[in-house]
Structures are given as structure tokens and as C-alpha cells.
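**Q** Just the structure for this:
(one chain, ligands or ions: 2)
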Amino acid sequence: MMPVDGRSIVTADEMRAAEDVAIAGGATVESLMDRAGREIATAVRRLAGASPILILCGPGNNGGDGYVAARLLKEAGLDVRVAALSEPRTEASRAARHRWSAAVEPFAEAAPAPIIVDALFGIGLSRPLETGAATKFAELVETATLSIAIDLPSGISSDDGCILAEVPSFDVTLALGAVKPSHLLQPAANLCGKVRILDIGVPTRSRARVLDRPALTPPGPEAHKFTRGMVAVIGGAMPGAARLASLAAMHAGAGYVLLLGDAQGAPDAIVHKPFYPEALSDVRIGALLVGPGLGRDAEAQAKLDAALATDRPLVIDGDALHLIDPDAIKRRSAPVILTPHGGEFTGMFGRSDANKIDAARQAAVRSGAIVVFKGADTVIAAPDKRATVSRSASVWLSTAGTGDVLAGTIAAVLSTGIEPYDAASAGVWLHGDAARRLGPAFVADDLARALTAARASL
Ligand SMILES: NC(=O)C1=CN([C@@H]2O[C@H](COP(=O)(O)OP(=O)(O)OC[C@H]3O[C@@H](n4cnc5c(N)ncnc54)[C@H](OP(=O)(O)O)[C@@H]3O)[C@@H](O)[C@H]2O)[C@@H](O)CC1
Ligand SMILES: [K+]
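**A** Ligands and ions are numbered 1, 2, ... in the order given. From the prediction side, this is the model:
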């Protein structure tokens, strides 16, 4: 059982293609299913101890995995029952069913059990579960002391984070071979519980990954405040937001933070001046941040235009995202990182039928910028189609000011001169780690200060 951080994210089609490559290399569907079933049985034994287990098997190869695991768990002396939704329909799952020597209970009549293993549907789910089956399924899962989904909780589609029917919430999901998008994308991700990967011997390739702890180096002995990274934050109509972003930039490790606007109440370490466009051309500025609390009037537009006209790396957040034309960003030669939440993203790029990973990629291609598409499932995408998805860090991040903190954090990392995609990814990780450290009901000012501890942990 492997943790997911840093691992590739594979769609259902990419998983099938990987399976085809393995088969072309001499494997068979049966041998892959045997390996998957063995890994599942080992994981279930570790998680369930000696408690009685009920395995729910569907008609496809997900069900086949369930029959293999059931047989191995029974051979290991555990109390295992199987209930099936219908007869197996694939050759491999029929063979696996055949080797299960005990009874197969009708799904509708299955009695509950302390441990439920869901092997109804995996990446082959094509429509919602029928109402009766969905109700029975929810009842069995909700009354279990431990619920384990094989590959995916049945009822969520693999690639877009959508829930096709009412799906109960699982304690653990064992992703076979690789993480799928719905293990991370909301709302489906919220139903998966802890996600662990089982190695089924099928190598996968993908340009999308789960966000991992970044490798940021501490300042060297020769470092001074400007080589550590200078961040300039442009203030505006709501000065608190820019102050918060500046505070975050300091605690995320910037060497020098210049706030161009009202700094009343900000720590003395934050240098402040009134905004004037010439201040933006200081070549020592490693990252310029525009947007938090900027306002949306003509003055705000003028400040944004001044920022765009510089050759400094730029983070564009908040109000500035409402004022900017995504196609105009492409004309800029210095790097740009955009940090929209869902509403800002739709406002800039329109609605998309693609999943959040692909939507972010398309936006990155269109704007030529790194796009940090925020949410409980933040996606960072680059114009070259790399994408990174963050696991949900804390439900308590949904509070005012946390976006300003993220923008300041990303600016701090960007100001050190590292690649913008890596800077955006590291910023998202630091922000999430700071939130995890704080627990419930923190305020954004606490989050900014907790970045010091997040940074110290690297
Ligand atoms: N990739 C790999 O390397 C390996 C993959 N393995 C495993 O295989 C799994 C994928 O298997 P799979 O393709 O057979 O799909 P699966 O999810 O079992 O279901 C498809 C069946 O369900 C049916 N069906 C769909 N929706 C339905 C509904 N709502 N209600 C009722 N029926 C519904 C559908 O019917 P149809 O849509 O064709 O009408 C079809 O018959 C994968 O998740 C992993 O567990 C491992 O064994 C080894 C290596
Ligand atoms: K399943």
C-alpha cells in the first residue's frame, strides 16, 4: 500500500492503454487480475485484522478482483462472504468466480458485515447504479465498521470527479496501479477516504501528478535579503488583502517584501511606500504580486497595466483576474502565474466540459501562464501540459483571506528564481501544510504566520 504523493494520475483510457502494453509484453488479463487480487487481499488483511468480511462483486473485472481477493482471504483462514450484483461478464472475472468455491449471495439479500469490500465497479462504470442497488449498497457501507473500495468507490466516474449516483463515503480506497483523477477531484475525492496505491505490476505514464513535498533549499551562507528573494505587492482598494499577502510572503521565506500601498498595522519588517509605477521596474524584484484587494476600477486597471508592462515575474490574483484578458498575458515574455478560484476561472476562460485537470491545462495553453486553479482540489497546470493536483489539505481553508495568503506564498517562492511551475506547486504545498498544522477554525493571519513552520519542515 503506497501513499499517493508525487505519484502519476492516470485516466481510465491511460490505464487501459497501460494494461494493453503489459499484455503485449506477455501478461494476461488473468495474471493481472491475480496480482491485483493478491495485493488487495494483503491490504485487506492488514486493514481488517480478523473481522468478518463481505466482498461485493460486480459483473466486470473489478468484480473479478473481488473474487480473487475473497478466495485468498478465505485460504488465509478469514471469515469471508461474497455477494454479487449479477453474474460475471468478462472471461477473467468468470474464471475468478469459478475458483471461489463458497456461496455467492444475491446482492439484494446480503446481510451486513463489519468489513465491506466494494468490488462492484471500477474504471468501467458507465452509468449510475440502479436505485435499489444504490440503496442497498449505501446501507451495507454505512453500517460497516470499515469500508474499503477497490480502485474506486462504485458510483463515481473515474476521470472527472463526478458522482453518478448517491455514493456512500468510504474509509479507504485502494487504487489499482495508479491514482485516477477522481481520487483527487471533488466532489468524488471526498468519498474516497484514505487513498492508497497497490502495485499491480502495470507501469503507467502520465503528465499529471499528485502534489508532493517540494525540495526547497535554505538560503546559503552568501545569501542576502535580495538574493533570498524580493517580492513587491501592489496594494489597492482593500489594503488588508495586500498586507496579508505581504505577511505571507515574509513567512514563506522572502528576503525583502515591499508593499506598494497602505501598510498600516503590518509588521515593521515589511517595507512600504505609496504606489508609483516606476517602483515596479526595480530589477531586484524577483516576483511582483498584483490583485489581492486591488479593486476593479480605473485606478486598479492602471496598476495592473503597469505591472504587466514590466519584465518582472508576475503573480496575478483576486481582483486583477477580473480585469485581465487571458490572451493579453501571452504577449508577455516574463513568467506569469494566475491563481483563480472557480468563479474567477470561469469568468476568465469560460465554462469547460473537461475535467478540472484538463480545464486548467487548456487555460495554461491559452494564456501561456502557469494556472493555479484553486479549490479543495487545486490544480497547477503549465502550457506544456504538465499538471499537478493537490490533495485536499484542510476543509478550514474555505475562509476569507486564505487566497491572499496563497498568492503571497507563491510570490515568495517565485522570487527566489525557481521555475514558475515549481514555484506555484511549492507555494500550494506550503499553504496546505500551514493549514494542516493549524487544525480547525484558523484565521488567514494565523495561516500566514504558520508558513514559517511549514517552511521549516522542508
Ligand atoms: N487496468 C488494469 O490494468 C487492471 C484492471 N483491473 C480491474 O478491472 C477494472 C476494470 O474492469 P472493467 O473494465 O471490466 O470495468 P468494471 O468497472 O469492472 O465494470 C464494467 C462492467 O460493469 C457494467 N456496468 C457499468 N456501469 C454499470 C451500472 N451502473 N450498473 C450495472 N452495470 C454496469 C459494464 O456494462 P456495460 O457498461 O458494458 O453495459 C461492464 O459489464 C478496474 O477498475 C480494476 O478493478 C484488474 O483486474 C487488473 C488490471
Ligand atoms: K469499486
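**Q** so how far is Ala12 from the residue of the stretch 251-400 of the chain at minimum distance from ligand 2?
**A** In the stretch 251-400 of the chain, the residue that lies nearest ligand 2 is Asn355 (19.4 Å; CB to the ion). No exception for glycine: its C-beta is placed from N, CA and C like everyone else's. From Asn355 across to Ala12, the span is 11 Å (CB to CB, to the nearest Å).
**Q** any common contacting residues for these two?
**A** Residues touching both Asn355 and Ala12 by CB atoms under 8 Å, 6 or more residues apart in numbering: Asp159.
**Q** Around ligand 1, which positions in the stretch 51-200 of the chain sit nearby?
**A** 58-65, 89-90, 121-129, 150-151, 176-177, 200 (CB under 6 Å from any ligand atom).
**Q** Quick check on those residues: which are buried?
**A** Among those, those buried by neighbour count (16 or more other CB atoms under 10 Å) are 58-65, 90, 121-125, 129, 150-151, 176-177, 200.
**Q** what domains does the record give for the protein?
**A** Here the domain parsing of the chain from automatic domain parsing is 12-210, 225-456.
**Q** could you dump the ones you listed to a markdown table with mean pLDDT and distance to Gly6?
**A** Putting the domains of the chain into a markdown table (pLDDT from 0 to 100; distance: least, CB to CB, whole Å) gives the following:
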| stretch | mean pLDDT | distance to Gly6 |
| --- | --- | --- |
| domain 12-210 | 96 | 6 |
| domain 225-456 | 95 | 9 |
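**Q** Those domains: which one's closest to Val4?
**A** domain 12-210 (4.9 Å; CB to CB).
**Q** For that closest one, measure first residue to last.
**A** 16 Å (CA to CA, to the nearest Å).
**Q** List the contacts of the residue in the stretch 151-300 of the chain that ligand 2 sits nearest to.
**A** Distance from ligand 2 to each residue of the stretch 151-300 of the chain (CB to the ion) is smallest for Ser154, at 4.4 Å. Residues near Ser154 by CB under 8 Å, 6+ apart: 56, 58, 62, 118, 120-122, 125, 129, 137, 167.
**Q** related to what we said a few turns ago, where strands are concerned, which of the residues of the stretch 51-200 of the chain next to ligand 1 count?
**A** 150, 176 (DSSP state E).
**Q** Among the residues of the stretch 51-200 of the chain next to ligand 1, name the ones that also lie close to ligand 2.
**A** Ile150 (CB under 5 Å from the ion).
**Q** Among the residues of the stretch 51-200 of the chain next to ligand 1, name the ones in helices.
**A** Under the assignment DSSP state H, those contribute 61-65 to helices.
**Q** Nearest to ligand 2 among those residues?
**A** Closest approach between those and ligand 2, by CB to the ion: Asn62, at 5.2 Å.
**Q** if we can go back for a sec, give me the neighbour count for the residue of the stretch 251-400 of the chain closest to ligand 2.
**A** Around Asn355 sit 20 other residues, with neighbours defined as other CB atoms under 10 Å.
**Q** nearest spatial neighbour of it, skipping sequence neighbours?
**A** In this structure, Asn355 finds its nearest non-sequential neighbour in Asp160, 4.1 Å apart by CB to CB, 6 or more residues apart in numbering.
**Q** Also Lys136?
**A** In space, Lys136 is closest to Ala108, 5.9 Å off (CB to CB, 6+ apart).
**Q** Pretty sure Leu54 sits in a helix.
**A** No. Counting by DSSP: H, G, I helix; E, B strand; the rest coil, Leu54 falls outside a helix, being strand.
**Q** Report the beta-bridge partner residues of it.
**A** With DSSP bridges as the criterion, Leu54 is bridged to Arg81, Ile116.
**Q** ok, so what distance separates Glu75 from ligand 2?
**A** Going from Glu75 to ligand 2 by CB to the ion, to the nearest Å gives 22 Å.
**Q** Give me the three-state assignment for Arg38.
**A** Per three-state DSSP, Arg38 ends up helix.
**Q** Determine how far the last residue of stretch 76-84 lies from the first.
**A** 22 Å.
**Q** show me what contacts the residue positioned nearest the centre of the chain?
**A** Geometric centre of the chain, nearest residue: Ser390, 2.8 Å, by CA atoms, centre = their mean. Taking CB under 8 Å, 6+ apart, we find Ser390 in contact with 184, 210-211, 377-380, 428-429, 432.
**Q** returning to that earlier point: so the residue nearest to Lys136 touches Ala134, yeah?
**A** No. The criterion here is CB atoms under 8 Å, and Ala108 misses it with Ala134 at 11.8 Å.
**Q** who's more crowded, these two?
**A** Per other CB under 10 Å, whichever of Ala108 and Ala134 has more neighbours is Ala134, with 18 against 11.
**Q** Can you verify my assumption that the residue nearest to Asn355 contacts Pro181?
**A** Yes. With contacts counted by CB under 8 Å, Asp160 reaches Pro181, the gap being 6.7 Å.
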